[in-house]
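[1] Coordinates only, no sequence provided:
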């Protein structure tokens, strides 16, 4: 019986081919472009709470997923492509685009953290493919996003104290992103097993 707390999985799934470095160029490009556009769609599914400086979106969920499904390099490239698209078209959570909008937004730190978080999740989940492992990897990726996001928010919004920045940029989103982390972990684990594959040594 597999230990539910084990970080590693002995199951080799077909979906793992998407994150292999020797995968076909077409498959890799499709993965990078696909997850970049999923992030665009997720950015437009948003909820704005009165007086909240950072909107609630599904973006971070797609960042987590891009790291798990695409791995370090392509997860990074998918989110980098997303940021690049925002220089020419309104793909971010707001309506603006371009360098002036990106660097002027109080939530820009979160955006800049996306490629780094996806890469970190991809690296950690290379061996940690179980539900526990992928969820833990995603949790660390979320820590990267909120750390960079809160630091940027503090200076960009001119908050008087760090507590205000932590409250507005992290504490209000803890439960929401905890659901995203667990949900993406379940989705990734589910597709690995439902997709089929062969067993291999851990």
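    Looks like it arrived, so ask away. Since this is a predicted model, take the numbers as computed values, not measurements. Numbers count the residues shown, from 1 in each chain.
[2] quick one, helices of this protein?
    25-44, 59-85, 99-104, 108-124, 131-156, 162-169, 174-194 (DSSP state H).
[3] among the ones you listed, which is nearest residue 14?
    Closest to residue 14 of those, according to C-beta to C-beta: helix 174-194, at 8.7 Å. Placement of C-beta: from N, CA and C, glycine included.
[4] Look up how far residue 164 lies from the closest residue to residue 20 other than its chain neighbours.
    In space, and not counting its chain neighbours, residue 20 is closest to residue 71: 7.6 Å by C-beta to C-beta, 6 or more residues apart in numbering. To residue 164, residue 71 is 37 Å away according to C-beta to C-beta, to the nearest Å.
[5] who has more neighbours, these two?
    Per other C-beta atoms under 10 Å, whichever of residue 71 and residue 164 has more neighbours is residue 71, with 25 against 14.
[6] what's the pLDDT at the more buried one?
    With respect to pLDDT, residue 71 has a value of 94.
[7] residue contacts, it?
    Contact analysis of residue 71 by C-beta atoms under 8 Å, 6 or more residues apart in numbering lists 18, 19, 20, 21, 122, 123, 125, 126.
[8] what two of those residues are the furthest from one another?
    18 and 123 (15.7 Å).
[9] need the contact list for residue 114.
    Here residue 114 is in contact with 39, 59, 63, 79, 82, 83, 145 (C-beta under 8 Å, 6+ apart).
[10] Return the entry from these with the maximum number of neighbours.
    residue 63 leads the contacts of residue 114 on contacts (other C-beta under 10 Å) with 33 neighbours.
[11] ok, now how distant is the residue lying closest to that one once chain neighbours are set aside from residue 95?
    Spatially, and ignoring its direct neighbours in sequence, residue 63 is nearest to residue 114 (4.8 Å; C-beta to C-beta, 6+ apart). To residue 95, residue 114 is 19 Å away according to C-beta to C-beta.
[12] again, but for residue 120
    30 Å.
[13] So between those two, which is more surrounded?
    residue 120 (22 against 7).
[14] Please look at the more buried one and residue 140 and confirm they touch.
    Yes - Residue 120 is in contact with residue 140 according to C-beta atoms under 8 Å; the separation is 6.3 Å.
[15] so who does the residue nearest the centre of the chain touch?
    Geometric centre of the chain, nearest residue: residue 63, 1.9 Å, by C-alpha atoms, centre = their mean. Residues in contact with residue 63 (C-beta under 8 Å, 6+ apart) are 39, 79, 114, 117, 118, 121, 141, 145.
[16] export the helices of the chain to TSV and tack on distance to residue 14?
    Listed next are these as TSV, based on distance: least, C-beta to C-beta, whole Å:
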stretch	distance to residue 14
helix 25-44	12
helix 59-85	12
helix 99-104	37
helix 108-124	18
helix 131-156	16
helix 162-169	39
helix 174-194	9
